[in-house]
Structures are given as structure tokens and as C-alpha cells.
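Novice: Got a predicted structure here, sequence first:
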Amino acid sequence: MKTILSLIFVLGLLLSGTPAAFAAEELYMCPMHPQITAHEPGKCPICGMDLVLQEHHDHASQDTPAGTPAVQVSPSTAQSMGIRTAKAGERRMARITNTVGYINYNEDALEHVHARSKGWVEVLNARAAGDPVKKGEVLLEYYSPDILEAQHELLVAKRTAHLMSEAGQKSLLATAENKLRLLDVPESLISKLRSSGEAIRRVPVLAPQDGVITNIGAREGMYIGPETELYTVTNLDSVWVLVDVFDQQMDAVKVGNMAEIRTDALPRHTWEGKVDYIYPDLVGQTRTLKARIKFDLKDAKLKPNMFVDVRIYDATRKALAIPKEAIIPAEDGARVVKMLAEGEYVPVSITTGLKSGDYVEVLDGLQAGDEIVVSGQFLLDSESNLQASFRRMSAE
């Protein structure tokens, strides 16, 4: 009978909420080492942080659907831990391919210089590869018996033209002049020949465009013919960058993609261009795909054979993205620490997608506007995992 009365008395105390013997005592805990607790303020003997008063609440209500415990952190502790947050949001994402390459001449801008008649080089003005030249500049002068003979034909036609009709005169003179033009005799020389009435021994070979001499095959006194390549003149207003693309990157590199290059030789400069061509076969030794990027230059700072770092951008699209520094790598994917409310944090699993610069696409696990931790998240994640471990130990 006495036992029954005692039970009824205890039950009455519980139902009435009397805080007598069952009132919860104040409990202080280290934010980083929850196993360190005390009933009065103090410091953690492990890390030296102030013990934080724990609020009495229903812990189960702060679990995520996956059962991960939420972590309570006071504003002062969050500041000490250096916690920073950012919001998940939509942004334009582009798949970026990072690779290396080297600068080459734009082969579409090469001009090969040949004489159209046989002869001997008598004056050589452009003597070395690398010399800059202007369009119309005299590269060399040579003596050609065939051109000299064609000049005499024009002079004879001019002297005998008065014996013909006006139409015959024009036809005869035009035929003689066109023969000189077909032999690549400059118009200035033909005009001089008409005005002076004397044949000119040496015929100039002119530069076909502005640029630099990248190959020279003539020397003074050398016998040359139409098959002799005298010079190669390259225009440097544009260059090619040849890059190696690895097999896992091939799908992201397409003709027309934007690209930019940097070089250690000029660290403050960036050049932008487009993928101009993708070669049809792989390089035998490296098993990489060769791609060509064309860059138009306003200066001549980039030199052929210079090594460069290359970034190729695929087509952009809008996607939910977060800073890549917020991601915690895990065996089963990735996690981030999400802020539920002021001072309350919980780890959540996410599925990542495209990586673009400093941002990563989030396919699942977050919504636009969610606040995530970008600094200090590893400490919060460890704390949550530790609390989960203690719960499992208590349940056992």
C-alpha cells in the first residue's frame, strides 16, 4: 500500500512539472569537444575555448531527415571559428578545359616568294631570317636573260608602233607589257622602261606583305629558278596556338569555343581567341587530340614556340551553383554544411555536376537561397559526426 502511494506521489510531481529533484541542471559544453562538460562556466582543457551553456530542447527535432544532428554555435563562438556563409544561387556555368600549348605561326598568313624566271642574284637586301619587312620592300635584285629579252621586245614594239594602225599599236604594246607582268616585273619598272627607253639589267623581287622573314633560301651570286623558294614572309597579326586535349576532355572541346591563354613570360596579360580547327587523328606518342586556336594580336608580344597555359570554355548554361570551397569531399559523394537558422548548422549530402572556375553545380540536395558555410565547415561537420557517434553509443 505504501509503495502504491509513493508511485502516485512521484507521478504527480512529473505531471505538475514541479522542478524539485527532476529540474534539469545547467550544463556547459565545449563547442569543439562535446565530451567536455561542466555544471559551471569554464574553459575546455583541450582547446581552451569557453564552455557554452546548452539550451534545453528536443534534440530529435533538430535532426535532418537523414538523422544527422544539428550543431548549435553561439555568435561569439562562430566568430572565433571564422565561420563565413554564402547563398546557393543560379549563375552561368561553363565547362572549362585547362591544358597547355605552344605558339606557332599562322600558316594561312605565310607567303612564299619565288622568281618567275631563271637568273642570278646580284643584290641581296634581306639577308637573315627574322628580319621585319614591309609590303613592296625590295628583298633582292637579280639578272634574268628572259626578262631582259622581254624588255627589248617592249622597246622594239614602242619604236615600230608608228608603222601600225592605232588598234595594232595598242595590241602590240599591251602584249609586250603583259609578258613582263607575267614574269612578275613590277609596274614601277615597266613605267620606268617606257619613259627611259632603256632596258634595266636587274629586276627587283618585292615583299608580298608586311611581316617577318621566317625562311631564306637565296644568297648573292646564287643561280635561281621558278622552283627556288627565295623567302617565306609571315604576317604576325595573328598566330596559332596548338594544344593537346586529353581523352576525357575531348567532348568539351569544339570548333568555335572561346579560349584564353596566359604565359609566365607575360603574367599580366591575357589573350582571347577561338578554337579554329580540331585535327582528325590523335598524336601517336601521347594519345592526345590536337586542337588549333587562332588569336588575333594587336602587338607582337607573343612569340612563336612560346609555351602558354590555355583555358577553353564550352557553351554556358544557367545552373544552381555554390562556391567550391564550401564542399566537403566524402566517400559517397560530397557534403556541405547548411545554416538552418542563426547559430544552427547541419551537414547535408549533395550531388555535384559541372565545375566552372570557383563554382560547382549542385544537381540535388540544395535549393536556391539556401545559406551554406564556406569557411569553418569542416569543424562543424566533425562536431555533427561526433554527436551522432555519441548518440549511437548511448543507444547501445
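Specialist: Perfect, thanks for sending it. Residues are numbered from 1 along each chain as shown.

Novice: need the contact list for His33.
Specialist: When contacts are counted by C-beta atoms under 8 Å, 6 or more residues apart in numbering, His33 touches 44, 46-47. For the C-beta atoms, the positions are set from N, CA and C on the backbone; glycine is no exception.

Novice: Equivalent analysis for Leu380, please.
Specialist: Contacts of Leu380 by C-beta under 8 Å, 6+ apart are 71, 73, 83, 337, 345, 347, 373.

Novice: repeat that with 10 Å
Specialist: 31-32, 70-71, 73, 78, 81, 83, 328, 337-339, 345-347, 373 (C-beta atoms under 10 Å, 6 or more residues apart in numbering).

Novice: before we move on, could you check phi and psi at it?
Specialist: Note on Leu380: its backbone torsions stand at phi -70, psi -40 [degrees, to the nearest 10].

Novice: Repeat that for Asp184.
Specialist: The phi/psi pair for Asp184 (degrees, to the nearest 10) is phi 70, psi 40.

Novice: Ser196 now?
Specialist: When read as degrees, to the nearest 10, the backbone of Ser196 gives phi -90, psi -30.

Novice: That one - how many residues pack around it?
Specialist: 10 (other C-beta atoms under 10 Å).

Novice: Name the SS class of Thr77, please.
Specialist: Per DSSP: H, G, I helix; E, B strand; the rest coil, the secondary structure class of Thr77 is helix.

Novice: what's the burial count for it?
Specialist: Count around Thr77 with other C-beta under 10 Å applied: 17.

Novice: Check the gap between it and Tyr28 for me.
Specialist: Separation of Thr77 from Tyr28 (C-beta to C-beta, to the nearest Å): 12 Å.

Novice: joint contacts of the two?
Specialist: With C-beta under 10 Å, 6+ apart, Thr77 and Tyr28 have common neighbours 50, 52.

Novice: if we can go back for a sec, which members of the contacts of Leu380 define the maximum pairwise distance?
Specialist: Farthest-apart pair in the contacts of Leu380 is Met32 and Lys338; separation 19.7 Å (C-beta to C-beta).

Novice: Between these two, which has more neighbouring residues?
Specialist: Taking neighbours as other C-beta under 10 Å, Met32 and Lys338 compare with Lys338 leading, 24 against 19.

Novice: Return the per-residue confidence for that one.
Specialist: For Lys338, the pLDDT comes out at 92.

Novice: Just list what the helix or strand that contains it packs against, helices and strands only.
Specialist: Secondary structure from DSSP states H and E places Lys338 in strand 333-341. If contacts are counted by 3 or more C-beta pairs under 10 Å, 6 or more residues apart in numbering; DSSP states H and E, strand 333-341 sits against strand 71-72, strand 84-87, strand 328-330, strand 344-356, strand 359-364, strand 371-375, helix 377-395.

Novice: Relative to the third one, what are the paired strands and their orientations?
Specialist: Strand partners for strand 328-330, identified by DSSP bridges, are recorded as strand 333-341 (antiparallel).

Novice: Just the CA atoms of the strand it pairs with, as PDB, please.
Specialist: This file holds the C-alpha atoms of strand 333-341, laid out as PDB (Å, rounded to 0.1, in the frame of the first residue of the first chain):
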ATOM      1  CA  GLY A 333      29.900  11.900 -52.800                       C
ATOM      2  CA  ALA A 334      30.000  15.400 -51.200                       C
ATOM      3  CA  ARG A 335      28.600  17.300 -48.300                       C
ATOM      4  CA  VAL A 336      28.100  20.900 -47.400                       C
ATOM      5  CA  VAL A 337      27.100  22.500 -44.000                       C
ATOM      6  CA  LYS A 338      23.700  24.300 -44.300                       C
ATOM      7  CA  MET A 339      22.600  27.000 -41.900                       C
ATOM      8  CA  LEU A 340      19.100  26.200 -40.600                       C
ATOM      9  CA  ALA A 341      18.800  29.300 -38.500                       C
END
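
Novice: low pLDDT regions in the stretch 51-200 of the chain?
Specialist: Low-confidence segments of the stretch 51-200 of the chain (pLDDT under 70): 54-67.
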